[in-house]
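>>> Pasting the sequence and the predicted coordinates here, then a few questions.
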Amino acid sequence: MTAETIIQSLASGLLMGLLYGLIAVGLALIFGLMDVVNFAHGEFLMIAMYVTFFLFAFFAIDPLLSAPLVAAALFVFGAVVYLLIVRFAVRAKANAGMVQIFSTFGLAIVMRGLAQYFFTPDYRSVTNSWLGGKTVSVAGIFLPVPQLVGALLAIAAFGALYLFINRTDFGRALEATREDAGAVALVGIDKNKVFALGWGLGAALVGLSGAVMAIFFYIYPDVGASFALIAYVTVALGGFGSVFGAFAGGILVGLVEATTALILPPSLKSVGIYAVYLLVVFIRPRGLFGSM
């Protein structure tokens, strides 16, 4: 194992880690806003990838161009999911936590079943995209262009989200609602509107991730399951409700995954992720950046 091999693997892990972080940020945003875990998060990613594929297949819109459209479509979808399902689940008088879990978990099963019925279980891919199959050499390290562009988009999206939360009126309303949803109603803020927009924003981030990942990853009904599991671990690792923690956790997960693949067979690369997660849970149960 040479130094060049190690650097190459870590560079690839960093690029994937930034994408993991972007996926997890949407999950952390929703949890931090409402204390609700979206168990359909992976299926949101799956829908985004299918939308990207069909826009390319039927309208020849490259994923790089369709990414804003997919993000906008997922924003609407996320807001509708809150208004039609989650809004009523959180009002449950008894066993509210279980109702919330099973409402999003049931949604995930329905979405996956519908995808298998309408799209079939066949594997699909976006072929001949602008970025597909291209690499760039940086100081002798070869980086896949799709992952590199995806990593840059992840950084830009997280920066925009940070500015949005901290520099806009809605962002301040979002933070206020996270702190005390009951108190904000007293100053005229509609918490349901804030929650709906928060779900939409979290889904839009997943949509952006899905559009990029459709360039280099196979698309099939169960594609979201593995990424959702990584997202849950990433959010718990960074700290539940911490948007920055989720993004930083994604980077850490990507690097740990790449390092594990150097030591163990590639099929066991997830072992390192869960080992680090368990270590953090024992040492710092609230996560690296959590305040719970």
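Good, I have the coordinates.
>>> what residues are up against Phe244?
Phe244 makes contacts with 162, 238, 289, as judged by CB atoms under 8 Å, 6 or more residues apart in numbering. Any C-beta I mention is one placed from the backbone N, CA and C, and that applies to glycine too.
>>> Could you tell me how far the helix or strand harbouring it lies from the centre of the chain?
For Phe244, the element it lies in under DSSP states H and E is helix 243-263. How far helix 243-263 lies from its chain's middle: 14 Å, per CA atoms, centre = their mean, to the nearest Å.
>>> Going C-terminal from that helix, what's the next secondary structure element?
Counting by DSSP H and E, the next helix or strand C-terminal to helix 243-263 is helix 270-283.
>>> And that following helix, what's buried?
Under the neighbour-count criterion of 16 or more other CB atoms under 10 Å, helix 270-283 has 270-273, 276-277, 280 buried.
>>> Just list what that helix packs against, helices and strands only.
If you count contacts as 3 or more CB pairs under 8 Å, 6 or more residues apart in numbering; DSSP states H and E, helix 270-283 packs onto helix 223-238, helix 243-263.
>>> Export these to TSV and append columns for mean pLDDT.
Output for those, formatted as TSV (pLDDT from 0 to 100):
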stretch	mean pLDDT
helix 223-238	92
helix 243-263	94
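>>> Serialize those helices to CSV and add fields for distance to Glu175.
Below are the helices and strands packed on helix 270-283 laid out as CSV (distance: least, CB to CB, whole Å):
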stretch, distance to Glu175
helix 223-238, 18
helix 243-263, 11
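>>> For Arg124, which of those is the nearest?
Arg124 lies closest, by CB to CB, to one member of the helices and strands packed on helix 270-283: helix 223-238, at 9.8 Å.
>>> if we look at the closest one, which residues are touching it?
With contacts defined as CB under 8 Å, 6+ apart, helix 223-238 is touched by 20-21, 23-24, 27-28, 31, 37, 39, 41-46, 49, 112, 213, 217, 244-250, 252-253, 270, 273-274, 276-277, 280-281, 287-290.
>>> ok, of those, which come out buried?
Counted by 16+ other CB under 10 Å, these give 20-21, 23-24, 27-28, 31, 37, 39, 41-46, 49, 112, 213, 217, 244-250, 252-253, 270, 273, 276-277, 280, 287-290 as buried.
>>> where does the protein dip in pLDDT?
291-292 (pLDDT under 70).
>>> Assign Ser137 to one of the three secondary structure states.
Put simply, Ser137 is strand when judged by DSSP: H, G, I helix; E, B strand; the rest coil.
>>> what's around it, how many residues?
Counted with other CB atoms under 10 Å, residues neighbouring Ser137 total 8.
>>> Enumerate the beta-bridge partners assigned to it.
Beta-bridge partners for Ser137, by DSSP bridges, are Phe142.
>>> measure it to Leu143 for me?
As defined by CB to CB, to the nearest Å, Ser137 lies at a distance of 8 Å from Leu143.
>>> what do you get for Arg91?
According to CB to CB, Arg91 and Leu143 sit 48 Å apart.
>>> Those two: who's more crowded?
Between Arg91 and Leu143, Leu143 has the larger neighbour count (other CB under 10 Å), namely 18 against 9.
>>> Give me the spatial nearest neighbour of the more buried one, chain neighbours excluded.
Nearest residue to Leu143, sequence neighbours excluded (CB to CB, 6 or more residues apart in numbering): Val136, at 5.5 Å.
>>> Also Ser66?
In space, and not counting its chain neighbours, Ser66 is closest to Leu55: 4.5 Å by CB to CB, 6+ apart.
>>> and that neighbour, what does it touch?
Counting by CB under 8 Å, 6+ apart, Leu55 touches 61, 63, 66, 69-70.
>>> Likewise for Leu208?
22, 48, 67, 70-71, 153, 157.
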